[in-house]
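Undergrad: generate coordinates for the sequence data below:
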Amino acid sequence: MYKLVISKLGSTGTGTVTSSPSGINCGSICSTSFNRGTDVILTATPGVNSFFGGWGGACSSCGTNLQCQITMDTDKTCIATFNAGIVLKYPNGGEVLASGNTETILWESIPSADHFNLKLSTDNGMTWGTIATNVTGNSYDWAVPVPANNKRKCLIKVIAFNSSNVKIGADRSDLPFTIEVVRLSSPNGGETLKSGNAYDITWTTNATKRPVARVKLFYTKDGGLTWNLINTLTGNPGTYTWTVPNVTTTKTKCRVKVVLKDSAGNTVGSDGSDSFFTITP
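TA: Down below sits the predicted model:
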């Protein structure tokens with residue numbers, strides 16, 4: 001016989017897991033043994049003001065289905081997650097979203113949630129602006145805003161209300177995500193470049209507040225204490241062949257920076273190498 005163990009997790013949510021054939025009623029009985037080869041159907045039932053967040057462990061392939069069938073061919077542990085209130089699923093931290101793109105904000109909520117307000121912070125939660133109000137369902141197609149520069153400390157907040165317009169829960173991104181206007185692709189850190197060689201600097205531009213009229217490229221050899229102009233380019237070609245500057249000793253704290261300018265000379269986006277690269281003599 002093989003042992004089946006049910007582990008329940010979640011953010012203060014409640015619920016039970018039962019089995020067919022009988023033996024699991026978790027609740028109180030969260031482990032039992034079944035004969036080898038037995039097909040077991042597990043059923044998750046959320047408690048009041050809770051919702052089922054999904055299966056994990058040996059049951060992870062069942063996702064968020066309330067029922068999950070497994071075959072007892074070894075000892076197994078299944079995790080059932082029950083959450084209370086509301087849980088933001090996306091963006092939840094670490095994502096890089098292109099300015100001007102459409103992204104779908106996703107969340108899960110209890111049945112009594114009737115409508116939702118959505119908010120955005122670009123300063124790690126110090127201030128919040130409204131994305132939308134009175135949203136129904138568990139998703140919203142969001143037009144990612146176009147900031148004047150990359151924003152690396154963004155958070156989404158979703159607030160739930162019942163049919164009487166009483167707030168019943170809220171959740172926000174677990175970690176910051178990025179709204180990206182421009183990305184320097186290369187050199188982005190870790191490369192070793194040789195003095196005098198040709199090297200292609202490349203970058204990708206998303207939506208900008210105003211059209212890009214020219215691009216300024218800079219480099220540093222001292223970790224950003226001083227920046228030297230490489231060139232000013234008309235338009236926004238996305239690539240530039242750079243003659244790597246001469247050095248007499250190896251420089252290990254080099255970076256490149258791309259700055260987008262509009263016709264009035266205002267910056268509409270910038271990005272630099274994520275980490276240092278090296279220039280050798």
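Undergrad: shaky segments in the stretch 1-150 of the chain?
TA: Counting by pLDDT under 70, the stretch 1-150 of the chain contains low-confidence residues at 10-12.
Undergrad: so what's the spatially most central residue of the chain closest to, chain neighbours aside?
TA: In the chain, the C-alpha closest to the average C-alpha coordinate belongs to E95, at a distance of 2.8 Å (C-alpha atoms, centre = their mean). Leaving aside its sequence neighbours, E95 sits nearest to F177 (C-beta to C-beta, 6 or more residues apart in numbering; 4.2 Å). For glycine as for every other residue, the C-beta is placed from the backbone atoms N, C-alpha and C.
Undergrad: partner residues bridging the one you found?
TA: Here F177 shows beta-bridge partners C154, assigned using DSSP bridges.
Undergrad: quick check: it vs T16, distance?
TA: Counting by C-beta to C-beta, to the nearest Å, the separation of F177 from T16 is 35 Å.
Undergrad: the two: which has the busier surroundings?
TA: Between F177 and T16, F177 has the larger neighbour count (other C-beta atoms under 10 Å), namely 22 against 19.
Undergrad: surely T16 touches I29?
TA: No. Judged on C-beta atoms under 8 Å, T16 makes no contact with I29 at a distance of 10.2 Å.
Undergrad: the helix or strand harbouring Q69 pairs with which strands?
TA: For Q69, the element it lies in under DSSP states H and E is strand 67-71. Strand 67-71 sits in its sheet next to strand 39-46 (antiparallel), going by DSSP bridges.
Undergrad: contacts made by the strand it pairs with with the rest, please.
TA: 4, 6, 13-21, 24, 34, 52, 55, 59, 66-72, 78, 80, 82 (C-beta atoms under 8 Å, 6 or more residues apart in numbering).
Undergrad: if we use 6 Å, what do you get?
TA: With contact meaning C-beta atoms under 6 Å, 6 or more residues apart in numbering, strand 39-46 is reached by 15-20, 34, 52, 66-71, 80, 82.
Undergrad: neighbour-wise, which of those leads?
TA: Highest neighbour count within these: A80, with 29 neighbours (other C-beta under 10 Å).
Undergrad: give the contact list for that one.
TA: A80 makes contact with 8, 17, 44, according to C-beta under 6 Å, 6+ apart.
Undergrad: of those, which is the nearest to G189?
TA: Nearest to G189 among the contacts of A80: K8, at 43.0 Å, using C-beta to C-beta.
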